[in-house]
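Peer 1: Curious how this folds, go ahead:
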Amino acid sequence: MESKNNLDEDLKDNVSDADRPQDDSEGSIGTENSDQGEEKNYEGEIEELKNKLKQKEDEANEYLEMAQRLKAEFENYRRRTEKEKADLIEYGKEQVILDILPVIDNFERALEASHGDNEEIASFKEGVNLIYRQFKGILEKIGVKEIEALGQIFDPYKHHAVMQEEVEDKKENEIIEVFQKGYMFNNKVIRPSMVKVAK
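Peer 2: Just a heads-up that it's a prediction; the model follows:
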């Protein structure tokens, strides 16, 4: 019986030794090495994430620059097309005006040629003069302006000289006669004045 009790005591001691933790110094070294390894892994992952973030930022900036460039190009395209559209409208108006100007010329010739004291002629002249003023008023409203010529110094941009003549008391290149009136449309010469100048 006593020997059995001794055997139980020995067994308990062995079990207690097995459950007892190993030396503390050995345990702390193993934990430290493990922590250092994990820290290095984290640093590597962080560095990798930083590189990916930098790459994405570069891509985002590239797309932003591309979008800004496309926006600027579209804005330029929109302005260019609007200007071309406006130019086409102005060109269309200019062509219509050029077709109307000979009618104005004929009105002026008719008014200059209609002489006489006859009441019917005077009445006819007044009617033609009224239509002529209406035509001129419409042209002025849309931007057509007569070019000043008589008495002005010849300007090759506004005037077209077809004759020269020596005249006393006139400056050189002064316009002394207008054969056909010139006109501007929105400050652009669409038909120069046909003139005679002094030399």
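
Peer 1: tell me the average confidence for stretch 103-114?
Peer 2: The predicted model gives stretch 103-114 an average pLDDT of 83.

Peer 1: in that stretch, what's buried?
Peer 2: By neighbour count on 16 or more other CB atoms under 10 Å, the buried set for stretch 103-114 is 104, 107. Every residue, glycine included, has its C-beta placed from N, CA and C.

Peer 1: what about the helices in this structure?
Peer 2: In the chain, the helices defined using DSSP state H lie at 2-19, 24-113, 119-141.

Peer 1: And the ones you listed: which comes nearest Glu174?
Peer 2: Closest to Glu174 of the helices of the chain is helix 24-113 (CB to CB; 22.7 Å).

Peer 1: name the helices or strands packed onto the closest one?
Peer 2: helix 119-141, strand 183-185, strand 188-191 (3 or more CB pairs under 8 Å, 6 or more residues apart in numbering; DSSP states H and E).

Peer 1: Now do it: distance to the chain's middle.
Peer 2: Remark: helix 24-113 is offset 13 Å from the chain centroid, using CA atoms, centre = their mean, to the nearest Å.

Peer 1: Could you do stretch 191-199 as well?
Peer 2: 40 Å.

Peer 1: Mean pLDDT and mean neighbour count added to the helices and strands packed on helix 24-113, as a markdown table?
Peer 2: Shown next, in a markdown table, are those (pLDDT from 0 to 100; neighbours: other CB atoms under 10 Å):
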| stretch | mean pLDDT | mean neighbour count |
| --- | --- | --- |
| helix 119-141 | 85 | 12 |
| strand 183-185 | 94 | 18 |
| strand 188-191 | 94 | 16 |
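
Peer 1: between those, which gets nearest to Glu84?
Peer 2: That would be strand 188-191 among these, by CB to CB, at 16.6 Å.

Peer 1: In its sheet, which strands sit next to the closest one, and in what direction?
Peer 2: Sheet pairing of strand 188-191 (DSSP bridges) gives strand 183-185 (antiparallel).

Peer 1: What lies in contact with the strand it pairs with?
Peer 2: 90, 93-94, 97, 101, 139, 142-147, 158, 189-191 (CB atoms under 8 Å, 6 or more residues apart in numbering).

Peer 1: Of those residues, just the buried ones, PyMOL syntax please.
Peer 2: Per 16+ other CB under 10 Å, the buried members of these correspond to this PyMOL selection:
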select buried, resi 93+94+97+101+139+144+147+158+189+190+191
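
Peer 1: Tell me the one among the contacts of strand 183-185 nearest to Lys199.
Peer 2: Lys158 (18.7 Å).

Peer 1: Lovely, talk soon.
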